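Participant: One predicted model, sequence on top.
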Amino acid sequence: KPSMELLQPYLPNDLQAGVSQSPYSEGGALYALGLIHACEGSSSHDGSSALEYLNTTLEAAGHQESEIARESLQHGACLGVGLVAMSSGDADLAEKLQNIVYNDNAVAGEAAALAMGMVMLGGGSKHE
């Protein structure tokens, strides 16, 4: 994907190791990826999915050893996920984001709450 190539120097490299090299720029790059692919959903023209990448990164971000890295990466990934899945009504994704809100972290929780709103945008009261 051209967007991945463009953002590659700033995207997280190996979050599975539990150590982020530059959490603020990495979180910002995840948000930028969401802006580039806003409303794309789980499918894209070239077969790869920004939503899949952001979801994987969001899961890995929750396992960061450093609280600063964890909240910065979750913040960027949540906003990215919300933008890409905007108005999809994906209840499973909304629940995943809701779990981050319940982690009692203001930075990540705010982004997760905003992302929940983006995902459920236009859904009215269908989600319970």
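Facilitator: Looks like it arrived, so ask away. Quick caveat: nothing in here was measured; it's all calculated off a predicted structure.
Participant: Tell me which other helices or strands the lengthiest helix in the chain touches.
Facilitator: The helix of greatest length in the chain, counted in residues with DSSP state H as the criterion, is given as helix 67-84. Where contact means 3 or more CB pairs under 8 Å, 6 or more residues apart in numbering; DSSP states H and E, helix 67-84 is packed against helix 23-36, helix 50-61, helix 91-101, helix 106-119. Heads up, the C-betas are built off the backbone N, CA and C, glycines and all.
Participant: and these as JSON lines, adding distance to K1?
Facilitator: What follows is the helices and strands packed on helix 67-84, written out as JSON lines (distance: least, CB to CB, whole Å):
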{"stretch": "helix 23-36", "distance to K1": "9"}
{"stretch": "helix 50-61", "distance to K1": "7"}
{"stretch": "helix 91-101", "distance to K1": "21"}
{"stretch": "helix 106-119", "distance to K1": "21"}
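Participant: Would you mind saying which of these lies nearest A69?
Facilitator: Using CB to CB as the measure, helix 23-36 is the one of the helices and strands packed on helix 67-84 that comes nearest A69, at 4.0 Å.
Participant: what is the mean pLDDT for that closest one?
Facilitator: Helix 23-36 comes out with an average pLDDT of 95.
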